[in-house]
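Trainee: Return atomic coordinates for the entry below.
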Amino acid sequence: MLPNVKASPNTGILPDVPSPRSADFTAFDNEFAACLTALGLESQPSFITALSGGADSAALALLAQRYAVKHHKQHKAVIIDHGLRKGSSAEAARVCRRFEALGLTCHVLRVVASRPKAALQEWARNHRLALLSDVARVEGAVVLFGHHSGDLAETVMMRLLRGSGLAGLAGIPARRQQGGVIFARPILNWPAAKSRAICAAFNCAYEQDPSNNDLGFERVRVRQMLAGGDCADDRCQRFSKNLLRLAGASGAITRAFDTAVAPTLQAAMTWQIAGFVDFDPAPLAGLPQSCWWRVMRRVILAVGGKPYGASDAAGIECRQRVMDGRAATVGGCHFHPHRASVSSSAESRKGRYTLFRETGRQTVHHPIQPHKPVIFAGCWQVLSPVEGVVHALADAPQREAGTAQMDMPESWRIFPHRARQAIPVVTGLDGMRFYPHLHKTKPHHSDGKVQAFHMGMAETQIYFADRQVR
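Mentor: Down below sits the predicted model:
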């Protein structure tokens, strides 16, 4: 269990609230365990805490470690050094040493990509997510973030200012799945003050990020507004609480809709192991446009693998083409009408479709290392015993005459041509092409063959404004 180690003053900011009695450790532990259970994570064998070194992620790392020890789980902390400010590497090393002294396994990963001139926070978030995902996929771990209720209120306010719809106002998901990895925020309903109290209980120092005071960032401006420096009463506090109520209500409504429409969606869509969908428009025909597009955008994102959903205007055009029995391409997904349903009669053209991931417009080549799963095109998880490059069959490099060839597996020949073209294959360093065995579940390391799994068959997708998260 974690020792009570006192941090020296020059290693970070010591807690600024009175230290609770050690008996309060049990209360914190029980509350944290209840949060994990509520998120359905009690059966997960391994956890990774995304550790920034601030009070919130520090408190999360401390509680997660105690939980892991008590329940015989694996746990480590991972620090992402974006290299965005002077001294970031020294700070990351300091935080790592601090938590190693507290008994945690801790690693520092550095972002090596060039810093952009704009959208800095989004760039940092995307690279942080990618690095954490890579580690989590290899270790089969759940990634834990230390977001709290203040972060949720800020997000909802930012969405209000942008005119987000009901789904966007649900704010930050407490649990989501993306790229084959579960991401969770177990302390999302806790106030920030509780994190400082937990750090005080362990006498654990924490860092202060100077960017939290940079008014050049929208979130900082919103945070200061909600803090209510100009409020003469408790109006700002009540406003923040109402933002949280709005998030809860919006989330409940969207979840209720998704639950209600699930049987209809199941009747309309049939997933195939090769990553395409057989679609019957009839069960969805009675839905209003906004509801129809919410359902269809989920499927389009799952098939096409794009990080963002298409616009509402694209949804209106897509539905009209489907109603007319015509082909459509939207969000990297191609709607292909069955030939048998096409005729000179408009009414008879309203038949079934097959939805394929679009190929040809943008070539994707992704390096792959032996026994390290990668996400290809946003929708396939691929595992290979050999080093090489993953690409769609349609984007396979031309082979020189006389190069050894591998025939396409017989099992692939039953799939439509468009489906085969979108399936990932691996080209080894020697030019040999490997056709993956297609799985209905996540690939595993046991059989020594290239394996691929289409994640759209398994992942539940949730939408917030125009951004898609899983």
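Trainee: OK, contacts around residue 115?
Mentor: Residue 115 sits next to 83-84, 123 when contact means CB atoms under 8 Å, 6 or more residues apart in numbering. Yep, even glycine has a C-beta here, placed from its N, CA and C like the rest.
Trainee: By pLDDT, give me the weakest of the residues you listed.
Mentor: The lowest pLDDT within these belongs to residue 84, which sits at 77.
Trainee: helix/strand/coil for it?
Mentor: coil (DSSP: H, G, I helix; E, B strand; the rest coil).
Trainee: Number of residues surrounding residue 384?
Mentor: Residue 384 is flanked by 26 other residues according to other CB atoms under 10 Å.
Trainee: can I assume it is in contact with residue 376?
Mentor: No - if you go by CB atoms under 8 Å, residue 384 and residue 376 don't touch, sitting 10.7 Å apart.
Trainee: Need the overlap of contacts for the two.
Mentor: Common neighbours of residue 384 and residue 376 are listed as residue 390 (criterion: CB under 8 Å, 6+ apart).
Trainee: coming back round to it: now rank the contacts of residue 115 by neighbours and give me the top one.
Mentor: residue 123 (18 neighbours).
Trainee: any idea which element that one lies in?
Mentor: Using DSSP states H and E, residue 123 sits in helix 120-139.
Trainee: packing partners for the following helix or strand past that helix?
Mentor: For helix 120-139, the following helix or strand on the C-terminal side (DSSP H and E) is strand 142-144. Packed against strand 142-144 by the contact rule (3 or more CB pairs under 8 Å, 6 or more residues apart in numbering; DSSP states H and E) you find strand 46-50, helix 120-139, strand 181-184.
Trainee: Show me which helix runs longest in the chain.
Mentor: helix 235-268 (DSSP state H).
Trainee: picking that back up, please name whichever of the helices and strands packed on strand 142-144 is nearest to residue 449.
Mentor: Of all these, helix 120-139 sits nearest to residue 449, with 18.2 Å by CB to CB.
Trainee: tilt between the closest one and strand 46-50?
Mentor: Relative orientation of helix 120-139 versus strand 46-50 (axes from the mean of the first three to the mean of the last three CA atoms, to 10 degrees): 160 degrees.
Trainee: picking up where we left off before, would a markdown table of the contacts of residue 115 with distance to residue 186 be doable?
Mentor: Shown next, in a markdown table, are the contacts of residue 115 (distance: CB to CB, whole Å):
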| residue | distance to residue 186 |
| --- | --- |
| 83 | 29 |
| 84 | 27 |
| 123 | 27 |
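Trainee: Which of those sits closest to residue 197?
Mentor: Of all the contacts of residue 115, residue 197 sits closest to residue 84, with 29.3 Å by CB to CB.
Trainee: so where's the stretch 1-150 of the chain uncertain?
Mentor: Residue ranges of the stretch 1-150 of the chain with pLDDT under 70: 1-24.
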